[in-house]
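# Have a look at this fold, sequence not included:
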């Protein structure tokens, strides 16, 4: 491990990579602060830039910096104008916005930054311990287990999609898998399902899909509903960023608890930063005593520190399944996985052996990223916050333009733009109807790998016997099924209980 | 019928067509003896897709969840208050941009797109708009061309 850390230090501390961390954090914060643009859209927009860097470590360092910056920027807009751009920072606005209203915006931002920093740093330390461990287990995995693992990942993502959305999430996953079968694949001899369109022969481009699913609907939403961002109060000057020692002592235990809890939630596929932040908030509110509990929701510093710590720790945690198993647990890590594949790195248990410099430099640059956010962004926040006043008439055309340029330079093909617009309209309609979009992208990215592993397993055992011949595969598949059916069963039972129906025995 | 059910119908149709084309997929002669065929997984997927679409169609609609409201998700019932015209205008502009990018060249097409989009959104200070759009287009072109090294034809077809 020490070798790895040294290797990582060596790579991450090169001038270029340091610059990339700083640039990534800044860009992430800048764009993440714009209401309506979440980390997924920002990373999707940044991918063409990252890919053209050519060096996988550099690309991942940049994207991880952007990711961190975006989460940080998102909490800034939650606190200042009560417009969380990301689901993961909704809980931040519960107490952050009331604090800003009381004129304590500066303090709230500092607490958010310190909590994010601690959550992120503890998360990285845990990641360093966890990932090699999990990775050595994962080396025992066979193609059958990989297939089963992907089934578990996909069903977990569907299962955590939220009440009443599980079937829709599964539907989206299947659509994603179907999209992945379009075009040529490594296994077979002819392109499939291209409907005779030559441009589809190489399949759907992942960047186009990512832009169409996340960036474009967000921008169109901003157009449709201007009220979404027109919250006032951003013009007040932000001053007094300091916190007192007593306040630091109050939030310290919260940060300690939430770093670990958030990380563990982040490791689970599909749970992610949103669940971590809400759970963190809820847990801290329940633990708090008397007066402090009353404070929650009215500007409690504990209530601000909890979700901020938890969502950053969870972001780091979500890198565990990505780097060790090659299975993304969230939309954002799915996009990162796509970028890595485009750079010819396949994340998975072999990553640490084949490309140790990628793995360790990413971890080290996460530390650096956290520090950059703390010491560089915090003092700059009052200035960066002016960005919130960029008029919509200029902001939206540029967002649309960036999504299109991103899709275009990936392929240098104008058909890609038409595809982008078409898919974007589809995605917007899907969001209207409350269909979750991340499962679609994750399904699309995992689709090819899943089919390859499935095919290999089927060929090795000459049939689907591998599903029950290998205990680990069987266990994983059962877990996958349970993940989908247990919540549905429990909900039905709860409904039956409400109606007063006897449960039987 | 609610919008999500209509979408389920669309998915159902897509999955049936997909399943049919998977079922009738022209296998190569030597592929016929293989255990795993190019249409194995597509057929499984279409069965899954059809059953899920039917489930969505038949299950009762769930209530809106609290998180969605907190995030300010768009409520379809209020669509009259939304600026649908602007959104459609922008989509039309994007389509035009896609078609014009190659022949007109990057700089002109982008500037026109940015000005058009700003105008559609209600900006009327034309001079500022054009300046911003031109600076944006030139800046991005320079970045993509020089920093990223990706060729984008800057000028219309008759100039280069």
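Yes, it's here. This one's a predicted model, so the numbers in the text were calculated from it and none came from an experiment.
# Going by C-alpha atoms from here, please, whenever you check contacts or count neighbours.
Noted.
# excluding its backbone neighbours, what's nearest the most centrally placed residue in chain A?
In chain A, the residue lying closest to the centroid (C-alpha atoms, centre = their mean) is residue A:332, at 3.3 Å. Nearest residue to residue A:332 in three dimensions, chain neighbours excluded: residue A:40, at 5.1 Å (C-alpha to C-alpha, 6 or more residues apart in numbering or on different chains).
# residues touching that neighbour, list them.
When contacts are counted by C-alpha atoms under 8 Å, 6 or more residues apart in numbering or on different chains, residue A:40 touches A:214, A:215, A:331, A:332, A:335.
# Pretty sure it sits in a helix.
Yes: using DSSP: H, G, I helix; E, B strand; the rest coil, the secondary structure at residue A:40 is a helix.
# Any figure for the gap between it and residue A:71?
10 Å (C-alpha to C-alpha, to the nearest Å).
# what's near enough to touch residue A:56?
By C-alpha under 8 Å, 6+ apart, the contact list for residue A:56 reads A:340, A:343, A:344, A:345, A:358.
# Need those in CSV (columns: neighbour count, distance to chain B and secondary structure).
Shown next, in CSV, are the contacts of residue A:56 (neighbours: other C-alpha atoms under 10 Å in any protein chain shown; distance: C-alpha to the nearest C-alpha, whole Å; DSSP: H, G, I helix; E, B strand; the rest coil):
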residue, neighbour count, distance to chain B, secondary structure
A:340, 22, 18, helix
A:343, 19, 15, coil
A:344, 12, 19, coil
A:345, 17, 20, coil
A:358, 25, 21, helix
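# Adding pLDDT and distance to residue A:317 as columns, could you present those in JSON lines?
JSON lines is the format used below for those (pLDDT from 0 to 100; distance: C-alpha to C-alpha, whole Å):
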{"residue": "A:340", "pLDDT": "83", "distance to residue A:317": "18"}
{"residue": "A:343", "pLDDT": "82", "distance to residue A:317": "23"}
{"residue": "A:344", "pLDDT": "81", "distance to residue A:317": "24"}
{"residue": "A:345", "pLDDT": "81", "distance to residue A:317": "20"}
{"residue": "A:358", "pLDDT": "81", "distance to residue A:317": "17"}
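# Turn those residues into CSV, columns for distance to residue B:120.
Converted to CSV, the contacts of residue A:56 look like this (distance: C-alpha to C-alpha, whole Å):
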residue, distance to residue B:120
A:340, 38
A:343, 39
A:344, 42
A:345, 43
A:358, 45
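# Return the member of these nearest to residue A:484.
The nearest member of the contacts of residue A:56 to residue A:484, counting by C-alpha to C-alpha, is residue A:340 at 29.1 Å.
# Is the closest one in contact with residue A:346, as I believe?
Yes: the pair residue A:340 / residue A:346 is scored as a contact, 6.6 Å apart, by C-alpha atoms under 8 Å.
# Residue B:154 - that's part of a strand, no?
No: under three-state DSSP, residue B:154 sits outside any strand and is assigned coil.
# check contacts around residue A:466.
Contacts for residue A:466 (C-alpha under 8 Å, 6+ apart) come out as A:144, A:457, A:458, A:473.
# mind checking how far the second one is from chain B?
Read it as residue A:457. In this view, residue A:457 and chain B are 10 Å apart by C-alpha to the nearest C-alpha, to the nearest Å.
# My understanding was that that residue contacts residue A:141; is that so?
No: using C-alpha under 8 Å, residue A:457 is not in contact with residue A:141; the gap is 11.7 Å.
# neighbour-wise, which of these two wins?
Shown here are residue A:457 and residue A:141; by other C-alpha atoms under 10 Å in any protein chain shown, residue A:457 has more neighbours (23 against 17).
# Run through the residues that contact the closest residue to that one other than its chain neighbours.
Spatial nearest neighbour of residue A:457, chain neighbours left out: residue A:144 (5.1 Å); criterion: C-alpha to C-alpha, 6+ apart. By C-alpha under 8 Å, 6+ apart, the residues touching residue A:144 are A:453, A:454, A:456, A:457, A:466, A:467, A:473.
# Check which helix or strand residue A:144 maps to.
Assigned by DSSP states H and E, residue A:144 belongs to helix A:143-159.
# Next to chain B, which bits of the stretch 151-300 of chain A? Give me the list.
Within the stretch 151-300 of chain A, the residues that sit near chain B (C-alpha under 8 Å from any C-alpha of the partner chain) are A:163-165, A:167-168, A:170-171, A:174-175, A:177-178, A:181, A:188, A:193, A:220-221, A:223-225, A:228.
# Which among the residues you listed count as buried?
Buried by 16 or more other C-alpha atoms under 10 Å in any protein chain shown: A:164-165, A:167-168, A:170-171, A:174-175, A:177-178, A:181, A:193, A:220-221, A:223-225, A:228, out of those.
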